[in-house]
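S.K.: Sequence plus the predicted model coming up.
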Amino acid sequence: LNGRDTSLSGDVALTQCTRLLADDFKSHSGSYKLNGNGHTVYFVDNHDEVIVEDSEILILPETLPRIIIGYGSMLKFENIKFACSSSALARFIKMSHGASYSFGAAVEFVDVDRSALN
């Protein structure tokens, strides 16, 4: 995240190479807020395919972290859509010791229309 409060200006695809990091190496704790401005966060595999609920990649935990929350940090999501279920989102988040996340207003979990991806 670029600063403590960050807003999205469009939909975002998080991959193994493009991740969201809520951390400040100078501090051992911090509060961060991601305002999605109503945009959607997609989780994408190594083949540029959106990861859907029945995807085999959900079984491989070492390949999943797309959102990383640093030691003692807290990340709050607001006004954002995630292209997954809330349980799948937890699989995409890696938290260091003492880290946490929460949901503010207008957080949605939307189904990915598989036919629209092809």
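M.R.: Right, received. Where do you want to start?

S.K.: Could you report the distance from the closest residue to residue 86 other than its chain neighbours to residue 28?
M.R.: In space, residue 86 comes closest to residue 109 once its chain neighbours are excluded; the distance is 5.4 Å by C-beta to C-beta, 6 or more residues apart in numbering. The way it works is simple: take the backbone N, C-alpha and C, and place the C-beta from them, glycine included. Separation of residue 109 from residue 28 (C-beta to C-beta, to the nearest Å) stands at 31 Å.

S.K.: pLDDT at residue 114, what is it?
M.R.: The score at residue 114 is 54. That number is its pLDDT.

S.K.: Grab the longest helix from the protein for me.
M.R.: When the chain is parsed with DSSP state H, its longest helix is helix 86-92.

S.K.: low-scoring pLDDT stretches of the chain, where are they?
M.R.: Applying pLDDT under 70 to the chain flags residues 1-3, 53-63, 113-118.

S.K.: for it, what spans make up the strands?
M.R.: Under the criterion DSSP state E, the chain contains strands at 5-7, 12-14, 20-22, 30-35, 40-43, 67-69, 73-78, 80-82, 93-95, 100-103, 107-109.

S.K.: Let me know which of the ones you listed is the nearest to residue 51.
M.R.: strand 40-43 (4.6 Å; C-beta to C-beta).

S.K.: okay, the strands of the chain in CSV with distance to residue 52 and mean neighbour count next?
M.R.: Below are these laid out as CSV (distance: least, C-beta to C-beta, whole Å; neighbours: other C-beta atoms under 10 Å):
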stretch, distance to residue 52, mean neighbour count
strand 5-7, 26, 14
strand 12-14, 14, 16
strand 20-22, 20, 19
strand 30-35, 22, 19
strand 40-43, 9, 21
strand 67-69, 18, 21
strand 73-78, 20, 20
strand 80-82, 13, 20
strand 93-95, 18, 17
strand 100-103, 22, 14
strand 107-109, 13, 15
